[in-house]
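*Asks:* Sequence plus the predicted model coming up.
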Amino acid sequence: MTTVDFDPGAAAGRATDAILHDTLHGTERGVVVDSPPGAGKSTLVVRAALELADAGRPLMVVAQTNAQVDDLVLRLAEKNPELPVGRLHSSDADAYNKALDDLPQVRTSAKAADLSGLPVVLSTAAKWAHVKVDEPWRHAIVDEAYQMRSDSLLAVAGLFERALFVGDPGQLDPFAIVGSEQWAGLSYDPSASAVTTLLAHNPDLPQHRLPVSWRLPASAAPLVSNAFYPYTPFRSGTSHGDRRLGFAVPSDGSGPDRVIDEAAESGWGLLELPARHTPRTDPEAVRAVATVVRRLLDRGGAATSERSSAPTPLTADRVAVGTAHRDQAAAVRAALAELGVRDVTVDTANRLQGREYDVTVVLHPLSGRPDATAFHLETGRLCVLASRHRHACIVVCRAGVTDLLDDYPSTEPVQLGTLVKFPDGWEANHAVLAHLAEHRIPWSP
Amino acid sequence: MSLITTLARLEAVGSGRAQPAATVRHRHLSDRPLVFVPLTTAGETGAPLGALVGTDRDAPRLLAVPQPRDRDLRFAFLADLADIVLPYVDAYAASVEAAERTETDPETGKRVKVEAELCADAPQLIVPSRAGLDFVRLLGRSMRFRRTAEQDPDAPYPAPPRVPLLGRWLTHYGERSRVPGSSLLLALTEVLSRHWATGQSGLEDQHLGALLAWIDPPDGLTGAEAARRAELERDPAGQLLCPPAGPATDPAFDNKLLAPAIERYDRARTALAAAEDPLEADDRLAALTAAERDVRDLVASRTRPTWDAVWRGLDLLRALPAGAQVEGRWTRDRWSFTGHRDRVLAGEPPQPRRDDAVTAANKLATREREQGRLEAQEALDDPLVMAGRRLTGEAFAGEVTDVVPAYSEGKRPSPRPLVTVRTDDRPHLAERAKVYRSLNGRPQSAEYVGCEGDGVLVVRILDKMGRGKEPEPGSVPEKGDRVCFTLFEHEQRGGAKLPDPEETPWTHGGPPGEPAPEAPDTVTEEDVL
Amino acid sequence: MDKARLATALGAPSGFGQSQFALTRGNAFEAKVKADGGAELLRLVHARLDPGAEAPAGAAVPDLTAHGPEGRTARTALALREAVRAGGWTLLDHPMLALDVAGSLAFLEPDAVVVHPDGGWSVVEIKSFPMVDGSADPAKVGAAARQAAVYVLALEEVAARLDPVPRVHHRVLLVCPRDFSNLPTGSAVDVRKQRAVTARQLARLTRVEEIAGALPEGTCFAPDRSAEELTAAVEAVPATYAPECLAACELAFHCRERARAAGAVTRLGRPLRAELGGLATVGEVLAAAHGETGDPDDPAVAALRRAAALRAEALRSADEAAALRAEALRAAGRAPSPRAEAGEVSACP
């Protein structure tokens, strides 16, 4: 709901100005920016990079995956085709997106020395860790800093004098594949997030927050903000009515069509299958997800938003399916192929981080499960799945998940001295389910 | 738990006997391990009650503390323990062979080979269960900052001479046991449950008696019956027939047997102190000796069943042939042992209470790398482990149905043959995914090309075919061969080098400064170890 | 209800009970922490929770004795109100709080509650497990945090009845022995998560009367009944056994026997069911794995059959390898001995 005195554009603009001011003219060695889903993090990173380059400060950019690095390179090139950019990559085959080869201002190399002197050099944290320099970079931007592990920052922090750290605290935490309990509670616990360590040692660094989500519609921002960001609330940049989703073909009265209409109307839809314990690749739930996607595409959807006055057709590339596990994603892909649907992204929460679609269809992580593990209760997983959409999110789930949650009360161990990450996954799951219950459509073929 | 392990457990329930979870032994076993079965005092942190310890299964050394709240008696226990453990360690430290080690040259920064000493073998410590591992760490922590009278003549309550050194070794072993695949310090329940799937839960597998009951039930009993007996059966006096493997004792034992015996000991000691003439003192000394013997007997009665169970478990494990790469991992353990030996010899201070940022990150990196190595090696060494990886889509095995010669583009074309494999497995192969197979123990990589129908996969071999235009004989699979490709790499890449601790960056608190020697723990009049 | 006695009467006694050594030590520690009008305890509260406040010298320690739990609860509420009004530090030693749990009142006795000079309230938990080098057993700290969260909620109910409403701190103080000594040390524990979870659990709890109403008439848990009667009575209460129960409940061994008799797969651990879908018993799973029952189109059944086939194939190939090794050894004129096969073990000591 947009109130009269809240101008999202102005609020976001003020935040960005303050961030850029601290980054370019501040005296502290670091600036931290929390960015909720779709709040313009990439835009901010690109803008800060361009301004730092304009100011003549050699800049290194650290992202966490090759896809993220390539995406930033492309965005930089789009914003300023004149700016020479270095893409440092690993020596593996397919180390970077071949589209970069078509850009004359982008130089790619596996050796940092080949890129010296360029105003901006980008790479992954893993690759930067192997770079040695005599003279550190004047400035760095660390992107997705909440998904970066503390030990990974330790390996690269010697490369720069000062840095802008940007990330989303609500998404999936970094993890280690072996136990790291013995360091829990230490300020530099190597398995903790880079930002946690940074702020523990430098509590006075300026911390900013992007206050407006441009992606999430007015129907979604309050739920996502309350459930996952209770202490750092944010709002939607658009108001109810700014975005509309309509379908040319009317509902045939089936469960999938009814839940599509419910979601088009309210932004949320819960397609509830009868309670049953199932394996992860529950064939009925998988088929239900695929059917919803098929109907979304068949019914001639069109999305209207603040971006343009004319409706945009809801095409396969504007729809995504999110799951908790890879085998579930594979099963959904197979089911979609059987229905003749191609080009719809189907991926796990981990891989959907940072991506954006008009409509998402989510197979609830706890659907049909006989047990609830810490993996399935992780706040970040649900947060990622529930915050990828611009218009509507449809959740497919078996009934009985609230009872399952009641059977698995949160009994997490507590390590002394660790910073509490709020909220609790158990509690957040209940909060989301309580909201979805208001948009429940029982399954019918 | 993977489905294949779940199935093994349920088959164990069905058959009444544990089922194999491995077909080879994945941990090194020394031919002369030191077995340590400790007991601790309830409610007191790290206050040992007693232990059986030694390398001879028929002649364990019994150590007991007749009054665990008495500092001198605890010190006597630790001194005795040091006198058993340290000579065992020293024997291995003395026997070395020449080896090469890769080091970073401080001047050029290049990785260079240097000659080094490597201990020819290393001491191996076996405890009954995971709680035993924690106790070894706790003992190590409680001893390594102690001061002896020699180190500090003014130290209140100085520790016996070799106690701090024992603390350092136990600390090193405790830390090393956190490295996946290491075998310097093993908890028997963990090793046994790595190799057998029982018909009970992982939690119940931590009970050594119950675990052995499933793996090797006595005649006429099923594993379930024998396990239940081991867990619960008590004698008419209410004592467990199979006492817990420790270090915690059964409360019924504490309350009904141990507490009265300790009380008798206390009374006898007070009486001796109050004796007024030598004759009386003689009698009372005899009474004290008897009271002390009672506590020792009690400790022996609770530890001996576990001691025997540990050796039985070791027999069961020894019956399995060692995995091909177990020896290689043990060599890493020998390096670890040699490294600590050298640090002790060089007069370095004991391990600090907390790791600094760089040490913690280095340890985590090592453990993650060793975890990856262990997972790959276990799968390559053991078809049953590989079966689990195949089931989860991380590997596939099948028969080669076609081999088509092909070459790379460029000035000097190299062989890049296309191999067609028919498999019943369903690997999760992405476009152009890398796959690996073991070629004479070395990984050969290939690239997924495509699927030519249900279960017919085509891969392109990329390397290990020699320098010539045609592949070297035997380097490319032939039609009719059985092959197994994995989606995971067989060898671990080295991680990035972290800064030296004195170059810790500002994000992590900056350099820690000169390491101050760790202060000893605060000493109080009572209750302090 | 005495669950330990009940378990013994059911024929599945538990190993529960506390060692008198632990008991003695725990009591001695709490007494030490609270000695001298709680000076050490207040010092820790001041240092860890409220370092900005004045030093806690001469704190009030009101007498909370009263008749019965209701009386003590009322006395505690009164003492809290007076402490806020008086200002300064106040230590409430073993106060009594009440909380509505599923429709019936539960009385709770925290180790201590401290009123700060600014009128805020803090819960203090004293535990006898150690903090070694600043860290403690996470499972035990977790349990203490959940316990403290319940006290925080109960205190918030008392606070809500005052005007202005005093602040109940969501950071509690955990006091434990330090390293290997009996010297107290403290650590602040943030219980916001546990508080939120407990609040939702209390809101969702099935009312105890509802459970009682569903029980057959005359159900009784008195341990002097016959084992059959008792079993019938206990079985009327819905409960799902999982191995975690063994560490938490005196009746776990009894429930485990029941789960075993029913063939429930969950007695091998809850996560086990994750990939078994609707198959809930050992018999069903094994029959499905061996192709005797089950719909091959059910992914759980299909995966089980593939698992069974892969397992059989791997065990077969291991047997063949073992036979080859034995053959090679015979050919070399040596008796096959598993130890010699390992290649590195010479003899058993």
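*Replies:* On my side now, so go ahead.
*Asks:* How much space separates residue A:185 from residue C:48?
*Replies:* 14 Å (CB to CB, to the nearest Å). C-beta here means a position set from N, CA and C on the backbone, and glycine is covered the same way.
*Asks:* same question but for residue C:35, I mixed them up
*Replies:* Counting by CB to CB - residue C:35 and residue C:48 are separated by 19 Å.
*Asks:* Looking at these two, which is more packed in?
*Replies:* residue C:48 (19 against 11; other CB atoms under 10 Å in any protein chain shown).
*Asks:* Around chain C, pick out the residues from chain A.
*Replies:* Residues of chain A lying close to chain C (CB under 8 Å from any CB of the partner chain) are A:181, A:184-185, A:276-283, A:331, A:368-371, A:373, A:406-407, A:409-417, A:420, A:422-424, A:426-427, A:430.
*Asks:* Of those, which count as buried by neighbour count?
*Replies:* A:184-185, A:277-283, A:331, A:368-371, A:406, A:410, A:412, A:414-417, A:420, A:422-424, A:426-427, A:430 (16 or more other CB atoms under 10 Å in any protein chain shown).
*Asks:* Strands along the stretch 301-450 of chain B, start to end?
*Replies:* B:395-404, B:418-423, B:434-439, B:442-451 (DSSP state E, counting those that start in this stretch).
*Asks:* Next up, the contacts around residue B:25.
*Replies:* Applying CB atoms under 8 Å, 6 or more residues apart in numbering or on different chains to residue B:25 gives the contacts B:195, B:317-318, B:320-323, B:326, C:342.
*Asks:* Do me a favour and get the backbone dihedrals for it.
*Replies:* phi -90, psi 130 (degrees, to the nearest 10).
*Asks:* What mean pLDDT does stretch A:134-148 get?
*Replies:* The average of the pLDDT scores along stretch A:134-148 is 93.
*Asks:* what does stretch A:334-350 give?
*Replies:* Average pLDDT, stretch A:334-350: 94.
*Asks:* Compute the first-to-last residue distance for it.
*Replies:* Chord length of stretch A:334-350, first to last residue, is 20 Å (CA to CA, to the nearest Å).
*Asks:* same thing with stretch C:282-298?
*Replies:* 17 Å.
*Asks:* so what strands line up beside the top strand by length along chain A?
*Replies:* In chain A, taking DSSP state E as the definition, the longest strand is strand A:389-398. Here strand A:389-398 is paired, per DSSP bridges, with strand A:268-273 (parallel), strand A:357-363 (parallel).
*Asks:* sorry, back to before: dump the strands of the stretch 301-450 of chain B into JSON lines; add mean neighbour count and distance to residue C:152 as well.
*Replies:* As requested, the strands of the stretch 301-450 of chain B are exported to JSON lines (neighbours: other CB atoms under 10 Å in any protein chain shown; distance: least, CB to CB, whole Å):
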{"stretch": "strand B:395-404", "mean neighbour count": "18", "distance to residue C:152": "51"}
{"stretch": "strand B:418-423", "mean neighbour count": "20", "distance to residue C:152": "58"}
{"stretch": "strand B:434-439", "mean neighbour count": "21", "distance to residue C:152": "53"}
{"stretch": "strand B:442-451", "mean neighbour count": "17", "distance to residue C:152": "56"}
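*Asks:* What sits closest to residue 157 if chain neighbours are left out?
*Replies:* Reading this off chain A. residue B:505 (3.6 Å; CB to CB, 6 or more residues apart in numbering or on different chains).
*Asks:* not what I meant, chain C
*Replies:* residue C:99 (7.0 Å).
*Asks:* next one: residue A:215
*Replies:* For residue A:215, the spatially nearest residue (CB to CB, 6+ apart) is residue A:38, at 2.3 Å.
*Asks:* okay, the strands paired with strand A:389-398, which one's buried deepest?
*Replies:* Counting by mean count of other CB atoms under 10 Å in any protein chain shown, strand A:357-363 has the highest mean neighbour count of these, with a mean of 26.
*Asks:* what does it contact?
*Replies:* Outside of strand A:357-363, the residues within contact range by CB under 8 Å, 6+ apart are A:245, A:263, A:285-286, A:289, A:292-293, A:296, A:301, A:303, A:312, A:314, A:318-324, A:328, A:332, A:345, A:385-386, A:388-397.
*Asks:* Need the CA coordinates for that strand. CSV is fine.
*Replies:* What follows is strand A:357-363, C-alpha atoms only, in CSV (Å, rounded to 0.1, in the frame of the first residue of the first chain):
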residue,chain,number,x,y,z
TYR,A,357,10.3,-13.5,-13.4
ASP,A,358,6.7,-12.3,-13.8
VAL,A,359,5.2,-15.5,-12.4
THR,A,360,6.8,-18.2,-10.3
VAL,A,361,5.4,-21.6,-9.5
VAL,A,362,7.0,-23.1,-6.4
LEU,A,363,6.9,-26.7,-5.2
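*Asks:* Now do the same contact list for residue 67.
*Replies:* No chain specified, so I'll use chain A. residue A:97.
*Asks:* that answer is for a different chain, and I need it for chain B
*Replies:* The contact partners of residue B:67, taken as CB under 8 Å, 6+ apart, are B:73, B:262, B:265-266, B:269.
*Asks:* just curious, which of those is nearest to residue B:28?
*Replies:* Nearest to residue B:28 among the contacts of residue B:67, counting by CB to CB, is residue B:73 at 36.3 Å.
*Asks:* distance of the closest one from residue A:85?
*Replies:* Distance from residue B:73 to residue A:85, by CB to CB: 72 Å.
*Asks:* who's more crowded, the two?
*Replies:* With neighbours defined as other CB under 10 Å, residue B:73 and residue A:85 compare such that residue A:85 has more, 26 against 16.
*Asks:* quick one: low-confidence parts of chain A?
*Replies:* Residue ranges of chain A with pLDDT under 70: A:1-5, A:410, A:421-422.
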